[in-house]
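# need coordinates for the following:
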Amino acid sequence: MRYAAFASLAVLALPALAQDATPPSDVPVVNSKEDFLALNRKEKWRYSRANRDPVSFFVDGEAWWSSAADLDNSPGDVSVTRLLAGGGVAFRVTDTADFILRGNARFSFYDFSNAAGVVPSLPALADPFDDVYEVTFDPIFRVLPEHGWQWFIGGRVRSAGEPDADFGDTIIGGGIAGASYDITDNFRLGVAINVNSRLEGGVWVFPIPIVEWDITDDITLRTLEEGVSLEYWFANSWNVSLRAGYDRYEYRLAKAHAISGGSVTDSRIPIAVALTYNPSDRVIITGRVGSEVSGSMDFNNSNGDEIASTDLGANFLVGFNVRIAF
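The predicted model follows:
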């Protein structure tokens, strides 16, 4: 299962809060697409927020490839390709409140090479696991007034594992809540707390800072779905950013697997340069290149006891994602 250190943990909440920073006082008048494109990024947000539909829909798509990362306790390496498709619906409850339902499915295709020995107790195991999936459903309620406190609360149900794993053993649950306050017109600060059950048993708790700081009119530091982002808006519809985050994936293994009914946790720290194109209030396209500078892979048996752990070397990554609202 995937958790990013910042807004990925917040599902829809943190991306929304990052975009829903304190706006200026007046809603701009827009009579055409040209009028909208002529607005600056804050004015675009103000217009879109004020004119959002009572019910709206969105779809998400993502593709991500991580090149081979060396395994420190094996002569081999592992690469992975991840594909995501999802969507959701947002209900405008009041002028400042929304209720959002989102679901997505991510498929990850791991390719181990010469990896025998990565689990010392199973020296002949060269492919610890192969293709895995995760399906997530997230309801969230958020309140975003123009000034002062903004807050959100949400839940999460997720299933992740090999296709042949027992479905009941792949389920975790959790939730998140947070709040932020506009300390100045250009600086919003807050915190969120993410809580999840774990496949290995117990609870995983992670605090998440919420930051939205307009350093200048064109440079912003904020938390995003991918982590922390330092953005430079070189045009109204374009920005380039440096992003850093923390991803954590958990998968249940099938009972027919050599590690019968166990689990694996894949943790990574990605740092990337991203280019984002926002041609309208309904389309966001982002591409990125970078590196997962560090990581680890931990294997657990069906009792939740760790039986092997390996560090992952740095690698190359490339990916893109798109969101379309309608």
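# so residue 45, which of the three states?
Judged by DSSP: H, G, I helix; E, B strand; the rest coil, the three-state class of residue 45 is helix.
# how much space is there between it and residue 91?
Residue 45 sits 19 Å away from residue 91, going by CB to CB, to the nearest Å. C-beta here means a position set from N, CA and C on the backbone, and glycine is covered the same way.
# more neighbours: which of the two?
Taking other CB atoms under 10 Å, residue 45 and residue 91 do not tie; residue 45 has more neighbours (17 against 14).
# and the more buried one, how far from residue 282?
13 Å.
# and for residue 105?
23 Å.
# any stretches of this structure with poor pLDDT?
Scanning the chain with the threshold set as pLDDT under 70 gives 1-25.
# and with 50 instead?
Low-confidence segments of the chain, defined by pLDDT under 50: 1, 3-24.
# how about the strands in the stretch 51-200 of the chain?
For the stretch 51-200 of the chain, applying DSSP state E, counting those that start in this stretch gives strands covering 55-70, 77-92, 97-113, 131-143, 149-161, 171-184, 187-197.
# pairing partners for the second one, with directions?
Think strand 77-92. Sheet pairing of strand 77-92 (DSSP bridges) gives strand 55-70 (antiparallel), strand 97-113 (antiparallel).
# got TSV for these, with distance to residue 182 and mean neighbour count too?
Formatted as TSV, those follow (distance: least, CB to CB, whole Å; neighbours: other CB atoms under 10 Å):
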stretch	distance to residue 182	mean neighbour count
strand 55-70	25	16
strand 97-113	17	17
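# leaving out sequence neighbours, find the closest residue to residue 236.
Nearest non-adjacent residue to residue 236, counting by CB to CB, 6 or more residues apart in numbering: residue 40, 6.0 Å away.
# so the residue nearest to residue 219 when sequence neighbours are not counted is in which element?
Nearest residue to residue 219, sequence neighbours excluded (CB to CB, 6+ apart): residue 232, at 5.5 Å. Taking DSSP states H and E as the criterion, residue 232 maps to strand 227-235.
# pairing partners for whichever helix or strand comes after that strand, with directions?
Using DSSP H and E, the next helix or strand after strand 227-235 towards the C-terminus is strand 238-244. Strand partners for strand 238-244, identified by DSSP bridges, are recorded as strand 227-235 (antiparallel), strand 263-280 (antiparallel).
# just say which of these is most tucked in.
Ranked by mean neighbour count, the strands paired with strand 238-244 are led by strand 263-280 with a mean of 19 (mean count of other CB atoms under 10 Å).
# okay, that one in PDB with CA atoms only?
Coordinates of each C-alpha in strand 263-280 appear next as PDB, following Å, rounded to 0.1, in the frame of the first residue of the first chain:
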ATOM      1  CA  SER A 263       3.900  -9.400   3.300                       C
ATOM      2  CA  VAL A 264       6.500  -7.000   1.800                       C
ATOM      3  CA  THR A 265       7.000  -3.300   2.500                       C
ATOM      4  CA  ASP A 266       8.700  -1.100  -0.200                       C
ATOM      5  CA  SER A 267       9.800   2.300   1.000                       C
ATOM      6  CA  ARG A 268      11.400   5.000  -1.200                       C
ATOM      7  CA  ILE A 269      12.500   8.600  -1.200                       C
ATOM      8  CA  PRO A 270      11.900  10.200  -4.600                       C
ATOM      9  CA  ILE A 271      13.400  13.600  -5.600                       C
ATOM     10  CA  ALA A 272      12.300  14.900  -9.000                       C
ATOM     11  CA  VAL A 273      12.100  17.900 -11.300                       C
ATOM     12  CA  ALA A 274       8.500  18.300 -12.500                       C
ATOM     13  CA  LEU A 275       6.900  20.300 -15.300                       C
ATOM     14  CA  THR A 276       3.200  21.100 -14.900                       C
ATOM     15  CA  TYR A 277       0.700  22.400 -17.500                       C
ATOM     16  CA  ASN A 278      -2.600  23.800 -16.300                       C
ATOM     17  CA  PRO A 279      -4.300  25.000 -19.500                       C
ATOM     18  CA  SER A 280      -7.800  25.300 -17.900                       C
END
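# chain center to it: distance?
Distance, stretch centre to chain centre, for strand 263-280: 8 Å (CA atoms, centre = their mean, to the nearest Å).
# what's the angle from it to strand 149-161?
130 degrees (axes from the mean of the first three to the mean of the last three CA atoms, to 10 degrees).
# report the angle between strand 263-280 and strand 131-143.
Going by the same axes, to 10 degrees, strand 263-280 makes 60 degrees with strand 131-143.
# of all the residues in the helix or strand just after strand 263-280, which ones are buried?
Scanning forward in sequence from strand 263-280 by DSSP H and E, the next helix or strand is strand 283-300. By neighbour count on 16 or more other CB atoms under 10 Å, the buried set for strand 283-300 is 284, 286-288, 290-292, 294-295, 297-300.
# adding distance to residue 204, write the residues you listed out as a markdown table.
Output for the buried residues of strand 283-300, formatted as a markdown table (distance: CB to CB, whole Å):
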| residue | distance to residue 204 |
| --- | --- |
| 284 | 29 |
| 286 | 27 |
| 287 | 31 |
| 288 | 26 |
| 290 | 25 |
| 291 | 25 |
| 292 | 20 |
| 294 | 19 |
| 295 | 17 |
| 297 | 17 |
| 298 | 13 |
| 299 | 17 |
| 300 | 14 |
